[in-house]
Structure formats: C-alpha cells, structure tokens
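In: Next comes the sequence, and after it the predicted model I'd like to discuss.
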Amino acid sequence: MTRPTPTTSHWGAFGVRMNRGEVEVIPHPADPAPSPLLGNVASALRHPARVARPAVRRSRLEHGPGPRPRAADEEFVEVGWDEALDLVAAELDRVRSTSGNEAIFGGSYGWASAGRFHHAQSQLHRFLGLAGGYTSSRNSYSLGTSLVLLPHVVGDSEQVVRRASTWPTIAENTELLVAFGGVPEKNVYVTPGGVTRHVTPGHLKSLRADVALISPLRTDFPLDARWYPIRPGTDVALMLALAHTLVSEGLHDRGFLDRYCVGFAPFERYLLTEPKDADWAAGICGIPADGIRELARRMARSRTLITVTWSLQRIRYGEQPVWAAIALAALLGQIGLPGGGFGHGYGSMGDVGGHGPTGRLPYLPQGRDPVSTFIPVARIADMLLHPGEAYDYDGQTLKYPDIRLVYWAGGNPFHHHQDLNRLRRAFARPDTIVVHEPYWTATARHADIVLPATSTLERDDFGSGRRDTHLIAMRRAVEPYGEARDDYDILAGLAARLGVYDEFTEGRTARQWLEHLYTAWRETAPFPVPPFAEFWEAGELELPPGHERETLFERFRADPEGSPLRTPSGRIEITSATVAGFGYDDCPGHPVWLDPGPDPHPLLLIANQPSTRLHSQLDPGAVSQASKISGREPLRMHPSDASARGIADGDVVRVFNDRGACLAGAVLSEDLRPGVVQLATGAWYDPLGDLCVHGNPNVLTADVPSSRLSQGCAGQHARVDVERFDGDPPPVTVLAPPRLLSREVAS
Ligand SMILES: Nc1nc2c(c(=O)[nH]1)N[C@H]1C(S)=C(S)[C@@H](COP(=O)(O)OP(=O)(O)OC[C@H]3O[C@@H](n4cnc5c(=O)[nH]c(N)nc54)[C@H](O)[C@@H]3O)O[C@H]1N2
Ligand SMILES: Nc1nc2c(c(=O)[nH]1)N[C@H]1C(S)=C(S)[C@@H](COP(=O)(O)OP(=O)(O)OC[C@H]3O[C@@H](n4cnc5c(=O)[nH]c(N)nc54)[C@H](O)[C@@H]3O)O[C@H]1N2
Ligand SMILES: [Mo]
C-alpha cells in the first residue's frame, strides 16, 4: 500500500489515498477521536457543484458594471481565464480611480480552508493592500460581541479565549461545572487552521464534576448532567437571580470583590432594588425559583466553574450574559483558582481548554492596508444599503463608506449573514461583485464574476491550528478540478495586470513561498526544526508540548498589583465607567436584564452550528446529505409543539416569520424545551422568492446587532412559527450548478 498523502483541515488532520480512482480518507493515526466531518471530504471533492471555469453573470457581460438585482437563477457565461482576469483587473482599476480604494470592500469574512499559505483572505488582503487598499472588516461572527466587551471588563479577550483553564485542571479540581449553553461535543472537533489530536471528547469523559447543563437542548452535554431547560435568551435573568441569592444569603466573597474588582456597589444596588431574586427570574427563564436558590448555594460551597458558550453572545444584548457570568464568578471569589472561575467557549471550539503548544506558526504577512475604513463584520448589509450613514461602535461614531466593488474569497455571506432576503437587496447595490470559490455556493450565484478556486487536496501547503500538536505538510493529492486555480495564482494574474506583480509574488512560486515561510519560521523557532525538505518528506512535524495545567487569571490572582488586568482600574470591572460613559441604552455600565420585547411568533428558533459539516462547507458531502429529510435540513421540535400543529416526524414543514420562510424536515425530540425549535445553519441557501426551499435559517434571523457597543452578530435566535407543508415541495436545485452558457451561445 502506498503511504497516504498527508493533509489537514479545520476538523482534523488526515491522509488521502487513491483507491480504484476514488479518494479514500484516512484519519491521522495520532487522532484519538477523528471528526465525523471527514465523511464529507471524498464525496464533495468532485461534486458537480464545483466551479469548473471562470464565469460571468450574463447581464454583467452584456451591460457592464452597475447596480442590478443579481438573481441567483440568472445564467452565467463561462469565459477563459485571460478574459476573466482582464475584466476583474479593469474593474478594480476603474473603481479605485473613479471612487477611491475605500469603495472596494475586501473584508471577505469567512473560514476558507486550512493551510498557512493558501489562506484565501490573507492572500486577498495582501493583494488588495498592494493595489491601493480596501475597506476591511473587524472582529468575527463567532465572537463579535465578546471581542469588544471583554477588554472593558477583564482587559483583553485573547487571554479568556486562548488561555482558558485547561481541561486537565478542570478534570482534577472542578466539583461543579455550571455550563450555560452546555459543552456541545459536536463543536469541539473544529479548530481553525487544523487539529491533529482531538483530545476534548476524552477530557469530557474524564470529568468528575457534577454538571449543571443550562440549555434549551438536552444534547448540549454528551454525558450525564442535571438539565435546566432554560428559555433561550434569558440566561441573564437566571445569572442575576443566582447572584441575588448569594448576596442576600451572605454567600458572596467580599474579600475577593474588594481586592480584585471594581464597581460591585452599583451592581449590588441593581440586584437588590426591584429585587432580581429567584422568584422574579423564574417567571422569565422558566427554571423554578427553588431550583435557582439551591443551585446558588451549591455553587457557593463547591469549587465551581461557570462556562458560557459563544452562542450566548451571538444574540440581541449578547454582552449581558458574558458580563453577568463574570460578575457571578467574581461573587463566588474563585477566579484564578484551579477548577474555579469563569470560562468562555468550552464546547464552542476545540482549542478552548486545550493544552497543546501555543508557539508561533509560519505565517504569510498580510501587508498594510492604506485605507483605514472598516466595519464591524456583521454590518455588511447595513453598509451596502446605507452609504454615508453614521452608526455607533465601541464609543466611536463611524460612517458607512459607499462601496462600488465587493471582493470575496474564502467566505460565504449567504451562509453567515442574517436576513438573507435583505442581504440580497444589499448585494444589488454595488457595481460589481467578484467571488473566488471552489463551489457554486449561494454567494457565487449572487456574484457577477466567479473565479474557480482549488481545494486543499489540489495544491501544496502546510497547516496547523491553535494548540495543534503538529505542523502538517499538505501535499497535493489530486489534480485541480476543471480549470480551477489557486487563489494565489488568480491574484498574481491580477497583480500582473495592475503592475504590482513583483511586489505581490516577491518573485516566488507558491512552492517557493512555502519553503520561504517555513525557513523564516525555522530560523526564529525556540526549538530545533528540521530543514524544509526533511519536513516535507516526513509529512509532519510534531511541535513541543504546551502546559497541561493552566488556570485563567492565576497570575492576576497571585499578584493583582504586579500583574494587573489591562482594564482602566487594573481589576475586573463589574461596573465599567468607560462603557457607562458611552451612554448606550442597549449596553449600560454593568450587567442588566434587557427584555427583548414581545413578538407575535410563538416559537423560538435556535440557529446553531451544524453537527454534520463546518458551516456551509461541503454541504453536498455524504455526512451532511445523509442527515437531510426529503432533501431538507432537519428541524428539531418538541412532540407537543408538533402535535399542536398536526406535524409528524419526517414531514416537510414551512418555518416562517415576517422576514421570510424556509422548508425543513421535522424531527420530533423530547431533548428540547417545548416552545423551542432548532435548525442548524449551513444548508446552502436555495431561494424561490422569499422562501428558501432547502432550510437555511438565515432567511428567518433578524439583521440586528447585539448592541451599539459591539455591533456583533445576533443570528443565534429568531422568533418563528412552523406549519406542515402539504403537497409536493419545490425541488432543491442548489446542489447543481446554475445554468451555464458558453461564450458562443451567449453572444
Ligand atoms: N444564524 C446564524 N448564522 C451564523 C451563525 C449562527 O450561530 N447562527 N454563526 C456564525 C459563525 S460563528 C460563523 S464563523 C460564520 C461562518 O461563515 P463562513 O466562514 O462564511 O462559512 P463557510 O461555510 O465556512 O464559508 C467558507 C467558504 O469558503 C470556501 N472556501 C474553502 N476553501 C477555499 C479556498 O481555498 N479558496 C476560496 N476562494 N474559497 C474557499 C468554501 O467553499 C465556503 O463557501 O457563520 C455565522 N452565521
Ligand atoms: N460541527 C461543527 N462544529 C463547529 C462549527 C460548525 O460549523 N460545525 N463552527 C465552529 C465555529 S466557527 C464556532 S464560532 C463555534 C460556535 O460555538 P457556539 O456558538 O457555542 O455553538 P452553537 O452550536 O451555535 O451553540 C451552542 C449551543 O448553545 C445553545 N444555546 C443557544 N441559545 C442559547 C441560550 O439562549 N441559552 C443557553 N443557555 N443556551 C443556548 C444551543 O442549544 C447550542 O447547541 O463552533 C465551532 N464548531
Ligand atoms: Mo464562528
């Protein structure tokens, strides 16, 4: 047998081997728990939904640049590479000379693929920087709210997320794990950039703590737990009531609050006036008052770790649960003690709580963007629809630029953004939209010019993720699909046309870049690293291990004066004078309960991460497809909600609200709180009017920010209703390419 060709992905390292013309995927031998997502790779690699040749929207080819509806079902005309690159280069040049580089939006948010060199966004940013600059985007859909809030409360976000208390410390010391949003095992197989050993599933099994699972979904913790089926979006009420019980029963740690925190007094006053007690909270969050009091007392007498998944901040007023959880942990006084305190993102990402290496990895410098204009990433549709308008962000007033050209490589806004019917209106505004994609995703179908990109198995690279134990050689295993090119080669072709070829390539081929980046890294690595050729031949390099036992904020606890936090006070800010000074009604100076207000739609939809794929990636793959019901994404609902609507298991249903509707396949389950339905993100958007026939929940989510402070994504929840869909459901068409014309037919 030939040795498998090594590679890696956001969901794990693996090898590939050709077996009678078919690609066979072999998990990395060192991986104790390979991801189920590996099952999507082989089946999607040569799927007909791949983009084979450069293609231009017919109306764009006929009428030139300008605002247009950009219907997803318009024909595309396949053109040669030279014609496509000439067109893109000429348009970049036209826009920058008539409207300035600020009119080019190059934020290009998205996960792209693993690989340190062929990382689509890094390549695009480097190129656009050299071409005069672009309007960029900041923060992420993942953590857009916390990334802005945490610096005000604990001084920085990096530490909280990247240096979380490690699993072995938790396994040894934690007596009670209070898990808001649980620790969903489905998510821990993913770490951006790659992961070679999936250790979190094993760590979860070794936990000895009692677990309080606070989530609308029973499945958010893989093992035994006491389930508190909370009403979604009401965690803050529960947290305040837990804090109220601690304070009113004298169970809080005054010494800790005095020494390590500021701003407890106003928060305490808030808790005690119109008391935010357990009886008050029970009516909001749906957890009985006695249960709340009892949980608070157990938290006070145990070594307690409070964790909050990232999903809790991806909602309207998403700052509040994160801030309230920190305040609650501060009241317990265990922050900085092994097994106690606060954590954010256990079960959100594989590296949170991981203890792998934290050293620097080889990287491609992204260069400088001469344009300073940016948007908080989730404001994309607002920007396109409201040029010139002012908005708030973290104490500043910013203004939306007037975007004429949108350039996307490595992301899928028609996956990730909210209110997709609104996003379609926004995508009608610019003069031109350029997309590089391996697949005919909804974003490609809403573009003017689509350039086919290679997938990781079709190019040479190397990859490694945060806390990853290995640097993996990613060797080309198969020929590029159709005429697909690497993002690097596409951009080099544009760079040549715009006169910045030498600056962009620095005279190197992709292969020479790999060796260059590796060698630059090797020369400064604080441990022995073999030469590139040796690494490439071996297929991987094991990195020196990280520290198994680490506790978040242990240094601050040991020496608050010598190792202060980077907040204005140097301490944990239970009340932040800075945030209070901004005067935002939707994010005041300390954690508060903010009622989202009434909504006529009776069910709360949880639009969470899919267990069968990474976002929208490889939705045509076997594992993702096997989960569909009559070709639609599964919608989980409680049997009582289903029977009230005459819905049976396996029925095609219509999920709807005022913004839009989608079809889905009903799965009845007692693992949800009644009144809650769950539909994962990532089914490729397949519009028929305002309806998505495939089951993308982002036709239902509202395009509103978490708050004026962070302008973060609030897509995790939506209010909806569900009805049975009678008759023949319209077919899913998005898994086949759009109508493609050849040049001759079109002219
Ligand atoms: N309702 C709701 N919406 C959400 C969320 C939610 O909780 N609820 N979660 C949000 C979160 S946390 C995130 S991170 C986002 C994710 O949103 P995205 O990161 O935009 O989603 P992906 O599907 O990973 O998109 C990556 C795209 O890059 C393409 N690609 C892969 N490799 C390459 C390459 O080498 N070159 C090029 N040119 N393209 C490549 C893939 O085919 C895919 O289309 O979604 C967000 N959206
Ligand atoms: N398999 C897989 N894993 C992934 C990803 C993927 O696409 N697929 N995406 C990765 C990315 S980019 C990110 S950012 C992370 C995201 O990590 P998260 O945002 O934490 O993940 P989600 O699955 O969206 O949400 C976790 C759980 O929170 C619960 N929840 C939702 N709303 C509430 C609420 O109001 N209160 C409480 N208590 N619980 C609530 C839901 O039941 C849900 O299952 O996942 C990563 N991991
Ligand atoms: Mo994310």
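Out: Arrived safely. Numbering: from 1, shown residues only. Ligands and ions are numbered 1, 2, ... in the order given.
In: can you list the residues that contact stretch 393-406?
Out: For stretch 393-406, contacts defined as C-beta atoms under 8 Å, 6 or more residues apart in numbering pick out 91-92, 95, 98-99, 102-105, 135, 148, 373, 375-376, 379, 382-384, 386-392, 427, 429-434, 578, 581-582, 708-711. Bear in mind the C-beta positions are built from the backbone N, C-alpha and C, glycine included.
In: Tell me where the model's unsure across this protein.
Out: Across the chain, the ranges flagged by pLDDT under 70 are 1, 745-747.
In: And the strands in the stretch 251-400 of the chain, which stretches?
Out: For the stretch 251-400 of the chain, the strands defined by DSSP state E, counting those that start in this stretch cover 261-262, 304-308, 341-344, 374-376, 390-393, 396-399.
In: what sits up against the second one?
Out: By C-beta under 8 Å, 6+ apart, the surrounding residues in contact with strand 304-308 are 165, 170, 174-181, 183, 209, 235, 298-299, 321-322, 325, 328-329, 332, 334, 339-347.
In: Sheet partners, orientation included, of it?
Out: Pairing partners of strand 304-308, with direction, according to DSSP bridges: strand 176-180 (parallel), strand 341-344 (parallel).
In: Inside helices: which ones of the contacts of strand 304-308?
Out: 170, 235, 298, 299, 321, 322, 325, 328, 329, 332 (DSSP state H).
In: Between which two of the residues you listed is the distance greatest?
Out: Distance extremes for the ones in helices among the contacts of strand 304-308: the farthest pair is 298 and 322 at 22.4 Å, using C-beta to C-beta.
In: more crowded one of those two?
Out: Legend: neighbour count by other C-beta atoms under 10 Å for residue 298 and residue 322, higher for residue 322 (27 against 16).
In: Tell me if I'm right that that one and residue 344 touch.
Out: Yes. Counting by C-beta atoms under 8 Å, residue 322 does reach residue 344; the two are 6.6 Å apart.
In: which residues of the stretch 51-200 of the chain fall in strands?
Out: 55-57, 76-78, 104-105, 136-138, 176-180.
In: And the stretch 401-550 of the chain, by the same measure?
Out: Using DSSP E, counting those that start in this stretch, strands in the stretch 401-550 of the chain cover 405-409, 432-437, 449-452, 461-463, 470-474, 540-542.
In: got those strands as JSON lines, with mean neighbour count and distance to ligand 1 columns?
Out: As requested, the strands of the stretch 401-550 of the chain are exported to JSON lines (neighbours: other C-beta atoms under 10 Å; distance: least, C-beta to the nearest ligand atom, whole Å):
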{"stretch": "strand 405-409", "mean neighbour count": "25", "distance to ligand 1": "4"}
{"stretch": "strand 432-437", "mean neighbour count": "25", "distance to ligand 1": "4"}
{"stretch": "strand 449-452", "mean neighbour count": "26", "distance to ligand 1": "8"}
{"stretch": "strand 461-463", "mean neighbour count": "28", "distance to ligand 1": "9"}
{"stretch": "strand 470-474", "mean neighbour count": "25", "distance to ligand 1": "11"}
{"stretch": "strand 540-542", "mean neighbour count": "17", "distance to ligand 1": "21"}
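In: Save the ones you listed as a markdown table, and put in distance to residue 568 too.
Out: Formatted as a markdown table, these follow (distance: least, C-beta to C-beta, whole Å):
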| stretch | distance to residue 568 |
| --- | --- |
| strand 405-409 | 38 |
| strand 432-437 | 43 |
| strand 449-452 | 47 |
| strand 461-463 | 39 |
| strand 470-474 | 40 |
| strand 540-542 | 43 |
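In: was I right about residue 339 contacting residue 167?
Out: No. Residue 339 is beyond contact range of residue 167, at 10.8 Å (criterion: C-beta under 8 Å).
In: Just the buried subset of the contacts of stretch 393-406, please.
Out: 91-92, 95, 99, 102-105, 135, 148, 373, 375-376, 379, 382-384, 386, 391-392, 427, 429-434, 578, 582, 708-711 (16 or more other C-beta atoms under 10 Å).
In: and stretch 526-542, which residues are buried?
Out: Neighbour counts over stretch 526-542 (16+ other C-beta under 10 Å) mark 529, 532, 535, 536, 539, 540, 541 as buried.
In: now, among those residues, which is nearest to residue 283?
Out: Nearest to residue 283 out of these is residue 540 (C-beta to C-beta; 55.8 Å).
In: Bridging across strands, which residues link to the closest one?
Out: Where residue 540 sits in a bridge, its partners, by DSSP bridges, are residue 472.
In: still on that earlier bit, most tightly packed of the strands of the stretch 251-400 of the chain?
Out: strand 304-308 (a mean of 28; mean count of other C-beta atoms under 10 Å).
In: mind listing the strands for the stretch 601-747 of the chain?
Out: 603-606, 634-637, 652-656, 661-668, 676-679, 687-688, 691-692, 717-724, 740-741.
In: what's in contact with the last one?
Out: What that stands for is strand 740-741. 55, 58, 75, 76, 77, 78.
In: how distant is that strand from the center of its chain?
Out: 34 Å (C-alpha atoms, centre = their mean, to the nearest Å).
In: oh, and call the first residue 50 from now on, that's how I've got it
Out: Done: numbering now begins at 50, and the last item shifts to strand 789-790.
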